[in-house]
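Student: give me the fold of what follows.
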Amino acid sequence: MPKKIKRLAKYALIAVIALALGGYALLMNHSGVQDRLIKRGLATQLSQVVDDFGGDKIDVVFCGTASPMGGAGPRGAAQSCVAVFAGDKFFVIDTGARSADKMVALGLPMARLDGVLLTHFHSDHIAALGEVHLNSWVRGRPQKLEVYGGPGIDRVVDGFNLAYGQDYRYRTDHHGEDYTPSANAGLVARPIKADSVIYDRDGVQITAVTVSHPPIEPALAFRIDYGGRSVLISGDTVKDNNLIAAAQNIDVMIHEVLQPDLVNILIESLDENGQPKLAKIIRDTKDYHATPVEAAEAANQANADLLVFYHYAPMPQNGIMDRIYMRGVANVRPEGVLAALEGTRLTLPAQSDTIKIAD
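Tutor: Numbering: from 1, shown residues only. Got it, this is the predicted structure:
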């Protein structure tokens, strides 16, 4: 082909591409096209939300696994929060910062929320309680939100109701009783006795278990049983004999973990960077959290089928930190260990030995 024809073909191709790009730009700047694209995207997103949680099984969804201190990081983690569906019941264990956003983003059926179980009252376990209330209320929760906890739960609930009381009224006044009924607005404290069954309805049994997280007394773990299956969520604790006893032959032990090597690196970096007060606070956290190896030992002693790490201190931000978290774990527990992230889902069909794991 003569060079002149080749050159003309090249210019023609450039012109076609330029016209196509120009046309695309014009379309993307057209309000009608923009609206249709957004509507199509929302329709696709909403159609993918399927409420298949619970039923004849236990479903566990991790809504917050992050560190007690620090931001979300590149993985966008929320603070401590685990959603458990057992039969037709839906409970949330702890409501750390950003966890309400995670629950909504994961498509959890917030209108079905039966209650919140608080392991203790550190801020990273209660910060999003107001948002969890709002997101379940406006979606149709048919009663006030029950909040279960140890001594002091009344003060926590009264404080949130005081802080959010005007918000409740504003929304009812604006949207109307049919959509944000005042009868369902607000939190109700449900004080519980440690080391006892605190809930026993429709085949779902929840047991509160005392664990060691001084100076907090009591700090609690929760064991949930349904359909011959069982899950225990540790809350914050060291390796604890009472937890191990309560978790005997458990299907899933969900255990918080502090990685000491990473914490020591963080302490050294803070000291070297002129932040001794924060370094001291981080150093103190080693007193009342379990290491991954200790959590693995606890799972072995409880004869747990699956050990799941959550509520990491510090939150692993990359593959290197993921590997550091597993240092020494395989020597204690070669298999049956899972590191959860937001969106990790466990499904335990009733009267079965199966544990399905999905993201």
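
Student: now the strands for the stretch 251-359 of the chain?
Tutor: Shown for the stretch 251-359 of the chain, the strands assigned by DSSP state E, counting those that start in this stretch span residues 252-258, 306-313, 337-339, 345-349, 356-358.

Student: partner strands of the last one and their direction?
Tutor: The one in question is strand 356-358. Strand partners for strand 356-358, identified by DSSP bridges, are recorded as strand 345-349 (antiparallel).

Student: residues in contact with the partner strand?
Tutor: The contact list for strand 345-349, computed with CB atoms under 8 Å, 6 or more residues apart in numbering, reads 56-62, 227, 229, 231, 251-252, 306, 308, 354-359. (Glycine included, C-beta is placed from N, CA and C.)

Student: how about the helices in the stretch 151-300 of the chain?
Tutor: If DSSP state H, counting those that start in this stretch is used as the criterion, the helices of the stretch 151-300 of the chain fall at 153-175, 241-246, 260-272, 276-284, 292-302.

Student: buried residues in the last one?
Tutor: By neighbour count, with 16 or more other CB atoms under 10 Å as the criterion, the buried positions of helix 292-302 are 292-299, 302.

Student: C-alpha coordinates for it, PDB please?
Tutor: Taking only C-alpha atoms (Å, rounded to 0.1, in the frame of the first residue of the first chain), the coordinates of helix 292-302 have been written out as PDB:
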ATOM      1  CA  PRO A 292      -2.600 -15.800  67.900                       C
ATOM      2  CA  VAL A 293      -0.700 -18.700  69.400                       C
ATOM      3  CA  GLU A 294      -2.600 -18.500  72.600                       C
ATOM      4  CA  ALA A 295      -5.900 -18.400  70.800                       C
ATOM      5  CA  ALA A 296      -4.800 -21.500  68.900                       C
ATOM      6  CA  GLU A 297      -3.900 -23.200  72.200                       C
ATOM      7  CA  ALA A 298      -7.400 -22.300  73.500                       C
ATOM      8  CA  ALA A 299      -9.100 -23.700  70.500                       C
ATOM      9  CA  ASN A 300      -7.200 -26.900  70.800                       C
ATOM     10  CA  GLN A 301      -8.100 -27.200  74.500                       C
ATOM     11  CA  ALA A 302     -11.700 -26.600  73.700                       C
END
